[in-house]
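# Any chance you can model this:
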Amino acid sequence: MESKRQQKMASLLQQELAQVLQRDLPHLFGGGLAPGISLVRVTPDLGQARVYLSLLLGSDANDRLEIIRENAKAIRQALAKRIRQTARVVPELIFFHDDSAAYAAHMDQVLGTLDIPPAPKDDASDEDEKPTRPRLFKGE
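Numbers count the residues shown, from 1 in each chain. Next up, the predicted model:
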């Protein structure tokens, strides 16, 4: 479980990294959409931050992730300029592709193809019987 300190730093990094990618370094994406940041996890010593990027579904997602990884130093420097008054140390940034949207779409497709028969209707004779409650103790 993350400490409050880790949660605050993760929240700060998520907000500021989004601003850096969208406003300070848009040229990295060749005029395309900057990736969204879905999650940031910070180590207890605040030395590393794992940044999960929500890249649009497409064939160039891995290429865009590689561009971001190659420019991690520039991204960290731009981030440092933005949070220098708030944070003492800027953590090392490690970028990952967050594929939870693709996984959710896949699971939705799988569940949509299932053939689930409707539940059987209850008979009128079942309504006359009173349900028995389980015994919790021997003396009950």
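# ok, now how distant is residue 134 from residue 122?
Spatial separation of residue 134 from residue 122 under the definition Cβ to Cβ, to the nearest Å is 21 Å. All C-beta spots, glycine's among them, are computed from the backbone N, C-alpha and C.
# between those two, who's got more neighbours?
Here residue 134 and residue 122 are compared on neighbour count by other Cβ atoms under 10 Å; more neighbours surround residue 122, at 8 against 5.
# hmm, which helix or strand of the chain has the shakiest average pLDDT?
With mean pLDDT, DSSP states H and E as the measure, the helix or strand of the chain carrying the lowest mean pLDDT is helix 125-128 (a mean of 54).
# quick one, helices of the protein?
Secondary structure of the chain (DSSP state H): helices at 4-19, 61-70, 72-83, 100-113, 125-128.
# Any buried residues in the longest one, and which?
It refers to helix 4-19. Within helix 4-19, the residues that qualify as buried are 6, 9-10, 12-14, 16-17, counting by 16 or more other Cβ atoms under 10 Å.
# average pLDDT for that helix?
For helix 4-19, mean pLDDT is 93.
# repeat for the third one
In this model, helix 72-83 has a mean pLDDT of 93.
# Show me which of the buried residues of helix 4-19 is closest to residue 52.
Distance to residue 52, by Cβ to Cβ, is smallest for residue 14 among these, at 9.7 Å.
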